[in-house]
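1. My questions concern the predicted model and sequence given below.
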Amino acid sequence: MRHEDSLEALHLTGAWVTIGTFDGVHRGHQALIRTLVQDSAAADAPAVVITFTPHPLVALRGSTGPYCLTSPANRARLLGELGVDVVITLPFNADLAVLTADEFMQRVQRALGLRHLRVGPDFALGRGRAGNVEKLRQIGAELGYQVSLFPTVTLDGEAVSSSRIRSALLAGEVGTAARLLGRPHSVEGLVVHGDGRGRGLGFPTANLDISPSRLLPANGVYTTWAWAGGERLPAVTNIGVRPTFNGEPALRVEAHLLDIDRDLYGQVLQLEFLSRLRTEQRFNSIDELMAQIRRDAQSAREVFAHAA
């Protein structure tokens, strides 16, 4: 899979294309892209995904808070695993935001030799989102490409969407998020030095430096798979501000490897969230906290015993 950050780097012919943010690459995205890959292969044409960073809604609102379900690199990797030939991650900036649908599609046509565009029923692009499906078909008639619609994918009677997954994560419902994604929600970050408090209590933790743009599950304690150097390790992960120690201004993500003591400093650790054990709590004493941590570890072992 080829990953580019501009249209101008490409000179393709007859591409089959889909365009969107594809945040999370959830079940709905996967279904659309699988059909694109299948149909493009039948036409002996490249399958291309055009996506954006930062998320257009974040860029347009000027927000810097957590929102994204996947990093651009992981999103491209997930798309490549679905069989896409080329992923183009365009920087969503002021220059791109002011383009009309006609102007943007002309750029796409020049770079990709666009033959077929496949999108969802509510899709729109261009300044003011004026490029809806009807408009894109009009442009296609002029530029020589066709447009097909892919139906909305539903689960439990509701549309599968990135916003639905965000709502589940903000409620701590990582199991629901996993069903919508088709895999556990994950985050990744560099393991950095903390204050050593966990090790002093007998429960050393890996402290992750995670991009502030990445959406985390609600504060609490979770069972997670921790991936380090291609190895999957069972872990208990706490997300929160350490209320027992009078709280901290910054949110912390701390993973304790179960029954494993390993030096992970300087490595990138990926956490996959399996289940929520409890909400974050303030304890009256260190002894109460330690007793709860031991209970959390035992509960997590039971989860992993069934997950193995």
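-> Nice, thanks for sending it over.
2. Which parts of the stretch 201-308 of the chain are helices?
-> 286-307 (DSSP state H, counting those that start in this stretch).
3. for the stretch 201-308 of the chain, what spans make up the strands?
-> Assigned by DSSP state E, counting those that start in this stretch, the strands in the stretch 201-308 of the chain fall at 206-209, 220-228, 231-240, 252-257, 268-279.
4. Out of those, which gets nearest to residue 37?
-> strand 268-279 (25.0 Å; C-beta to C-beta). Where you see a C-beta, it was placed from the backbone N, CA and C, and this is true even at glycine.
5. got any ranges where the stretch 151-300 of the chain has weak pLDDT?
-> Counting by pLDDT under 70, the ranges of the stretch 151-300 of the chain that qualify are 195-202, 243-249.
6. and residue 176, what helix or strand is that in?
-> helix 174-181 (DSSP states H and E).
7. Partner strands of the helix or strand following that helix, with direction?
-> Per DSSP H and E, the first helix or strand lying C-terminal to helix 174-181 is strand 186-192. When pairing is defined by DSSP bridges, strand 186-192 lines up against strand 206-209 (antiparallel), strand 268-279 (antiparallel).
8. Buried deepest among the ones you listed, which one?
-> Neighbour counts (mean count of other C-beta atoms under 10 Å) averaged over each of those peak at strand 206-209, with a mean of 21.
9. In this model residue 70 seems to touch residue 188, though I could be wrong.
-> No. Using C-beta atoms under 8 Å, residue 188 is not in contact with residue 70; the gap is 9.9 Å.
10. Kindly check the end-to-end length of stretch 105-124 for me.
-> End-to-end distance of stretch 105-124: 12 Å, with C-alpha to C-alpha, to the nearest Å as the criterion.
11. mind checking how far it is from the chain centre?
-> In terms of C-alpha atoms, centre = their mean, to the nearest Å, the centre of stretch 105-124 is set 23 Å apart from its chain centre.
12. Equivalent analysis for stretch 139-155, please.
-> Relative to its chain's centre, stretch 139-155 lies at 24 Å (C-alpha atoms, centre = their mean).
13. buried ones in that stretch?
-> Within stretch 139-155, the residues that qualify as buried are 139-140, 143, 145, 147, 150, 153, 155, counting by 16 or more other C-beta atoms under 10 Å.
14. The closest residue to residue 108 other than its chain neighbours and residue 102: what is the separation?
-> Using C-beta to C-beta, 6 or more residues apart in numbering and skipping residues adjacent in sequence, the residue nearest residue 108 is residue 114, 5.4 Å away. For residue 114, the distance to residue 102 (C-beta to C-beta, to the nearest Å) stands at 13 Å.
15. same question, residue 265
-> 52 Å.
16. quick one: which of the two has more around it?
-> residue 102 (17 against 11; other C-beta atoms under 10 Å).
17. Touching, the more buried one and residue 139? I think so.
-> Yes. Judged on C-beta under 8 Å, residue 102 makes contact with residue 139 at a distance of 5.8 Å.
18. Now list whatever residues contact both of these two.
-> Shared contacts of residue 102 and residue 139, defined by C-beta atoms under 8 Å, 6 or more residues apart in numbering, comprise residue 131.
19. how would you label the residue minimising distance to the centre of the chain: helix, strand or coil?
-> In the chain, the C-alpha nearest the mean C-alpha coordinate belongs to residue 70, at 2.1 Å (C-alpha atoms, centre = their mean). Under the three-state scheme (DSSP: H, G, I helix; E, B strand; the rest coil), residue 70 adopts coil.
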